[in-house]
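Asks: how would this look folded up:
(chains A and B)
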Amino acid sequence: MKAVLTQNLSKTYTGSKNAVDHIEFSLEQGEVFGFLGPNGAGKTTTIKLLCGMLAPSEGSCRVFDLDPAQNPEKLHQLSGVITEHAQMYDHLTGLENLVFYGTLFGVNAAECEKRANVLLERLGLVDAQDRKLAAYSTGMRQRLSLARAMIHSPRILFLDEPTSGLDPESAQNVNSLIRELSVDGTTIFLCTHQLRYAQEICTTYGLIDEGTLLATGNIQRLRAMVFSGVVVHVKASRMPDGLVYQKTGEHTYDITVNSEDEIPPIVKGIVEAGGNIYHISTHRMSLEEIYFSLIDRRKAGKEGENDE
Amino acid sequence: MMNRMQLALMKKDIRGITSNKQVFSVMLMVPLALTIILPSIFVFVTVLVPDTTSDFQKLLEMLPSTEQIGNQKQMILGLLLNKIMPVFFLMIPIMASSVMAASSFVGEKEKHTLETLLYSPLSLKQLFQSKILASFSVSMMVSFISFAAMIVVMEIEVLLLTGSAVMPDLSWMIIMLLIAPSISLVAISITVRGSAKAQTIEEAQQRAVFLVFPIIALVIGQFTGIIMVSTWILLGLGIVLPLIAALLVKGSVGKFTYEKLLR
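Replies: Predicted coordinates:
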């Protein structure tokens, strides 16, 4: 059974263009899926479609083989959701909020408190647990939201920008928690535009822009869509004749190769030509570079269409 | 039937309103004014100021001859407790339930906590049931406390000033057991219906204010001698209002979708 499966999924709000335009992808259980795209790309709309908050205009989606539009209550029992607008109660303390939401999911109060204490400890909120939420900072609220989404041990977590407003240390903490969850089999659907952060924890990705899914797959697959080669940075006293390279500074050069197998002959060539090597490193395209390259390619394609 | 999850939501809603001093004080102020201050003024004026009976002449004339017995001041006090106060009293469940319903529905929307509730495994119907029941319970609680306070204060005043008590009659039973609950439900469902469109608590409360107009009409009607609120009129209202309430509640629960609520 797939954790998430969408087919031709579309959503059009009245009087506007498609917020989500015929997207298709599937997620295996335990995957950490990074759903990436600029603001207004359709990420939050997709989460709302997958949680049954919106009904698709066309196509369908299934989460653990449940149709979110038909069976939202059953699906909600299996899922935890964090979005910008899903806040908690200011007049309750952190612990009271967690216990309340836990009971709402059918967990008994004693068990709720036990789970809440573990989560508060894990997310560094123990000292603030008896403080009213009104006194919480944005980062603390965000961490408590994560605890809230996990209080009923869901099988899938939909996280919309879970690290926005977090300091680097808390973000790191949240990342390691997400990784642990996925190891335990929880599927994570993560929307973000913090690409470096996504590359740290996601196993697969989906790139969306203006409602259109540009690419899906793991990083190797995305890289192959743009450029799968390796760039070798070299700092050497001299370069042999006949080697194709790009000079990037004094004694520094970039050489583009198709695979790492091509690196030893290059090193050998430099040494044999009497050059001293001071530095050698390889660089593959990062998620960020792939993302911008795909977005730019789409923009260029659209401009081309308009020019015709 | 309500399940444990719904009860948790109900409890949270009731606690939410009672811990919000600003809203709760508004909710208590009107009942206090209506059930303690207003009847006290009537009682003192009737007993202590000579010749007030002429002001009530029109009302007294409308009383059936069987009720026109005994001391005239005692008669006016009876009239006050059993004919005038019931109409004023009806404003309490309307007020309390609309303040509570607005805070419970639109308040969640305003504070961005509604979306979190929608992600819970409760169906929309169950969510609405719990919220309606929470508003209803608070409204009934405020109504019964107000009633008790009114009776205690009035009886003490009347006893001290005249030496004998005035007894509440059957109309109060009809009001407390039939009309107050059903008019609460009507006010709640009107507020709930408006809650999808309303963005602020105040906006949602304003809708239920219209329910106060027929009551003001009844008050004016009584003082000018056009109408007398008899047990029969109350009984009639007690039968019609629950029907209207049932229809409105059913209608308001059925028409919501997640999409409409999050707009």
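
Asks: shaky segments in the chain?
Replies: Just so you know, I chose chain A. Within chain A, the ranges that satisfy pLDDT under 70 run A:306-308.

Asks: switch to chain B, that's the one I care about
Replies: B:1, B:50-70, B:225.

Asks: Please parse chain A into its domains.
Replies: A:4-224, A:230-283 (automatic domain parsing).

Asks: Tell me which of the ones you listed is the most buried.
Replies: Ranked by mean neighbour count, those are led by domain A:4-224 with a mean of 19 (mean count of other Cβ atoms under 10 Å in any protein chain shown). Using the backbone N, CA and C atoms, a C-beta is placed for each residue, glycine as well.

Asks: For the stretch 151-263 of chain B, what lies in contact range of chain A?
Replies: B:Thr257, B:Tyr258, B:Glu259, B:Leu262 (Cβ under 8 Å from any Cβ of the partner chain).

Asks: Check the stretch 101-250 of chain A for the residue nearest chain B and tell me.
Replies: A:Thr103 (4.0 Å; Cβ to the nearest Cβ).

Asks: Please report the distance of that residue from A:Pro162.
Replies: Per Cβ to Cβ, to the nearest Å, A:Thr103 is found 23 Å from A:Pro162.

Asks: go on, B:Leu28?
Replies: 42 Å.

Asks: Tell me the spacing between the residue nearest to the spatial centre of chain B and B:Ile179.
Replies: With distances taken as Cα atoms, centre = their mean, B:Pro93 lies nearest the centre of chain B, 1.6 Å away. Distance of B:Pro93 to B:Ile179, computed by Cβ to Cβ: 8 Å.

Asks: try B:Gly107
Replies: In terms of Cβ to Cβ, B:Gly107 sits 27 Å off from B:Ile179.

Asks: again, but for A:Gln7
Replies: In terms of Cβ to Cβ, A:Gln7 sits 55 Å off from B:Ile179.

Asks: same question, A:Gln77
Replies: 41 Å.

Asks: same check, this time on A:His76
Replies: A:His76 is 39 Å from B:Ile179, by Cβ to Cβ.

Asks: likewise B:Ala246?
Replies: B:Ala246 is 14 Å from B:Ile179, by Cβ to Cβ.

Asks: For these two, indicate the residue with more neighbours.
Replies: Using other Cβ atoms under 10 Å in any protein chain shown as the criterion, B:Ala246 and B:Ile179 rank with B:Ile179 on top: 23 against 14.

Asks: residues contacting B:Phe210?
Replies: B:Ile190 (Cβ atoms under 8 Å, 6 or more residues apart in numbering or on different chains).

Asks: can you check B:Ser98 too?
Replies: B:Ala187, B:Ile188, B:Ile190, B:Thr191, B:Ala204, B:Gln205, B:Arg207, B:Ala208, B:Val209, B:Leu211.

Asks: Report the buried members of the residues you listed.
Replies: By neighbour count, with 16 or more other Cβ atoms under 10 Å in any protein chain shown, those hold B:Ala187, B:Ile188, B:Ile190, B:Thr191, B:Ala204, B:Gln205, B:Arg207, B:Ala208, B:Leu211 as buried.

Asks: Among these, which lie within helices?
Replies: Residues from those lying in helices, with DSSP state H as the criterion: B:Ala187, B:Ile188, B:Ile190, B:Thr191, B:Ala204, B:Gln205, B:Arg207, B:Ala208.

Asks: what's the closest of the domains of chain A to B:Met140?
Replies: Nearest to B:Met140, of all the domains of chain A, is domain A:4-224, at 22.9 Å by Cβ to Cβ.

Asks: circling back: farthest pair in the buried ones among the contacts of B:Ser98?
Replies: B:Ala204 and B:Leu211 (13.4 Å).

Asks: quick one: the host helix or strand of A:Gly269 to chain centroid distance?
Replies: According to DSSP states H and E, A:Gly269 maps onto helix A:263-272. Put simply, helix A:263-272 sits 39 Å off its chain's centre (Cα atoms, centre = their mean, to the nearest Å).

Asks: what's whichever helix or strand comes after that helix in contact with?
Replies: Once helix A:263-272 ends, the next helix or strand along the chain (criterion: DSSP H and E) is strand A:277-283. Residues from elsewhere that reach strand A:277-283, judged by Cβ under 8 Å, 6+ apart: A:230-237, A:251-252, A:260, A:263, A:267, A:270-271.

Asks: and the gap between A:Gln246 and A:Tyr278?
Replies: A:Gln246 is 18 Å from A:Tyr278, by Cβ to Cβ.

Asks: can you tell me which residues contact the residue lying closest to A:Val244 once chain neighbours are set aside?
Replies: Ranked by Cβ to Cβ, 6 or more residues apart in numbering or on different chains and with sequence neighbours excluded, the top spatial neighbour of A:Val244 is A:Ile255, at 7.1 Å. By Cβ under 8 Å, 6+ apart, the residues touching A:Ile255 are A:Val231, A:Val232, A:Val234, A:Leu243, A:Val244, A:Tyr245, A:Gln246, A:Ile266.
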